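In: okay, structure incoming, though there's no sequence with it:
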């Protein structure tokens, strides 16, 4: 990783737009994978949704096998393990396409991430050879057993126990909850504490005596995915199925979560695109007061907001994808190094998890609103999209947990010497400072102030930490969108002016939110004259530059309505 950029570097250093990966820079191979995946979803997955929602898990298995035949399960798995050996960008475009059908995307994501990554990154060569080709082909289905009744966000508080037998095998006892694919998976990645103390991972096969699945959960959404408890009653697990080292299960769990958060963002961007298309198409055909509702400014403003929200997350997602692929290319190439790369970009993964899930919630909610009463009934997909999206703010660590992680990760990196949090302070000393530069500098200065005030106790000041996280998220979104727009202008990309409009809106809305955060945080972190001076100094560069939000939104909405879809690639 000596030549690759590091996680969090973007916060304190300037980035050349030419060095940022964007959707416009996808290769022809990437686009073919995206097209193939989209055709699979449209022609085979979407028609099967009624069967999936009726809990027909044979259909789910058949679709997973089909995805394996198309190579979609192993895009970024090495060829030696039965995969295609492609990059993370290939995996992202495939996941985005599948994200259009969230129930199947959940099944797919558990197979391609939660089942594969632990074995790929932490398994022995023998385990990789025995398991990965069958997972990648869809021959066997995997599931991930981490959460318990008393250990949701506090995953390391698991009560499941593992005891070593004299012959080297293990006995596992416990109950895991909310297991995706739990009703029909062939094997499980299970976390338990050896002797009640050492958090450890195991590969557990369904056929072992004592392994049972509970009843399907009756969920708000994702009715077409299986979610059950998994009960382990004195289950014997062969010694060869210990995954990683005893007491090192947290390394597996956290790195799988990093990858899961990153991939969840792709599912969310993939889910937002059809929602925007549905909203634009419905608004163009639904007539009220003698004209299509798409002609009304209130509706057009919603379509523009949905579009810019997706543009911001998409820009962050592809930028992070490029960083991860760049870092992997600079490593020896062994699976363990991939785990180190995922850990390197844990900050970006948490940012993406929060931003993407909240973006999708906003998009599908407005889709229902644009549909009016029709959005509240099951005759239209808008209702299902809203229900299916809600869990994303809980999946892969709640958004609250991820917000609490973001400043902590920055401070940890700074203390380890991996990131200088003094480098971006007071950008006003430089000419022509952009709004993203100001947002980044503001986030860094307030983070430094919070550390100076609370030291090691900062983690306990959750209200402060949550607002610091929002500043960092907004800074990454505005910076990524601006760099994408600059790259589009430099390469004269089609709709380059629309890129600029979207980036301008994203930066201006982030600026407005930042002013509120400055007020609240300065009041919490400083007092008296110091607070007044600090507030004035931080607020001054966040003053607006006169962007005409209404006119800019209208230009974006014009293209969305004309094309009846999200207008960017």
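Out: Everything's here; your move. None of the values given here were measured: they were computed from a predicted structure. Residues are numbered from 1 along each chain as shown.
In: how about the strands in the stretch 1-150 of the chain?
Out: Applying DSSP state E, counting those that start in this stretch to the stretch 1-150 of the chain gives strands spanning 142-145.
In: which stretches of the stretch 301-450 of the chain have low pLDDT?
Out: Using pLDDT under 70 as the threshold, the predicted model of the stretch 301-450 of the chain has low-confidence ranges 423-432.
In: just the helices in it please.
Out: Along the stretch 301-450 of the chain, the stretches classed as helices by DSSP state H, counting those that start in this stretch are 335-344, 346-371, 381-389, 399-415, 435-454.
In: ok, residues contacting the lowest-mean-pLDDT helix or strand in the chain?
Out: Within the chain, judged by mean pLDDT, DSSP states H and E, the helix or strand with the poorest mean is helix 335-344; its value is a mean of 88. Outside of helix 335-344, the residues that reach it under the criterion Cβ atoms under 8 Å, 6 or more residues apart in numbering are 1, 6-7, 78, 120-123, 128, 251, 254-255, 258-259, 262, 324, 327-328, 331, 349. In this view, the C-beta of every residue, glycine as well, is placed from N, C-alpha and C.
In: and stretch 443-455, by the same measure?
Out: With contacts defined as Cβ under 8 Å, 6+ apart, stretch 443-455 is touched by 11-12, 407, 410-411, 421-426, 458, 460-461, 464-465, 468, 471-472, 475, 517-518, 521-522, 525-526, 534, 538.
In: with stretch 485-494 instead?
Out: Under the contact criterion Cβ under 8 Å, 6+ apart, stretch 485-494 has outside partners 17-18, 20, 22, 24-25, 495-496, 499-500, 502-503.
In: can you do 10 Å?
Out: In this structure, residues lying in contact with stretch 485-494 by Cβ atoms under 10 Å, 6 or more residues apart in numbering are 15-22, 24-25, 311, 315, 434, 484, 495-504, 506-507, 567-569.
In: ok, stretch 55-63 next?
Out: Stretch 55-63 has contacts (Cβ under 10 Å, 6+ apart) with 40-41, 44-45, 48-52, 98, 101, 103-104, 107-108, 138-141, 181, 183-186, 216, 223-226.
In: quick one, which of the contacts of stretch 485-494 are buried?
Out: Buried members of these, scored by 16 or more other Cβ atoms under 10 Å, are 15, 17, 20-22, 24-25, 311, 315, 434, 484, 495-496, 498-504, 506-507, 567-568.
In: who's in contact with the nearest residue to residue 143 once chain neighbours are set aside?
Out: Once its chain neighbours are removed from consideration, residue 143 has its nearest residue in residue 185; the separation is 3.7 Å (Cβ to Cβ, 6 or more residues apart in numbering). By Cβ under 10 Å, 6+ apart, the residues touching residue 185 are 57, 61, 107, 110-111, 115, 140-145, 179, 204-206, 213, 226, 228, 230.
In: those residues, buried ones only, as a PyMOL selection?
Out: Selecting in PyMOL just the buried members of the contacts of residue 185, where the criterion is 16+ other Cβ under 10 Å, is done with this command:
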select buried, resi 57+61+107+110+111+115+140+141+142+143+144+145+179+204+206+213+226+228+230
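In: in helices only, show me the contacts of residue 185.
Out: Among the contacts of residue 185, the ones falling in helices (DSSP state H) are 57, 61, 107.
In: you'd agree the last one is up against residue 226?
Out: Yes: assessed by Cβ atoms under 10 Å, residue 107 is found in contact with residue 226 at 7.3 Å.
In: between those two, what contacts are shared?
Out: Where contact means Cβ under 10 Å, 6+ apart, the residues bridging residue 107 and residue 226 through contact with each are 52, 57, 60, 141, 143, 180-181, 184-185.
In: farthest pair within these?
Out: Of all pairs drawn from these, the one with the largest separation by Cβ to Cβ is 52 and 143; the distance is 16.4 Å.
In: identify each buried residue in stretch 443-450, please.
Out: Buried residues in stretch 443-450, counting neighbours by 16+ other Cβ under 10 Å, are found at 443-447, 449-450.
In: also stretch 550-569?
Out: Quick answer for stretch 550-569 (16+ other Cβ under 10 Å): 552-553, 556-557, 559-561, 564-568.
In: tell me which two of the residues you listed sit farthest apart.
Out: The two members of these with the most space between them (Cβ to Cβ) are 552 and 564, at 20.5 Å.
In: circling back to that earlier point, how about the helices of the stretch 301-450 of the chain in CSV, adding distance to residue 168?
Out: Rendered in CSV, the data for those read as follows (distance: least, Cβ to Cβ, whole Å):
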stretch, distance to residue 168
helix 335-344, 24
helix 346-371, 34
helix 381-389, 44
helix 399-415, 36
helix 435-454, 47
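In: residue 272 is nearest to which of the ones you listed?
Out: Shortest separation from residue 272 across these is recorded for helix 346-371, at 4.6 Å, computed as Cβ to Cβ.
In: if we can go back for a sec, quick one, which of the contacts of stretch 55-63 are buried?
Out: For the contacts of stretch 55-63, buried by 16+ other Cβ under 10 Å: 40-41, 45, 48-49, 51-52, 98, 101, 103-104, 107-108, 138, 140-141, 181, 183-186, 216, 223-226.
In: three-state assignment of the residue lying closest to residue 294 once chain neighbours are set aside?
Out: In this structure, residue 294 finds its nearest non-sequential neighbour in residue 283, 3.8 Å apart by Cβ to Cβ, 6+ apart. In three-state terms, and counting by DSSP: H, G, I helix; E, B strand; the rest coil, residue 283 is helix.
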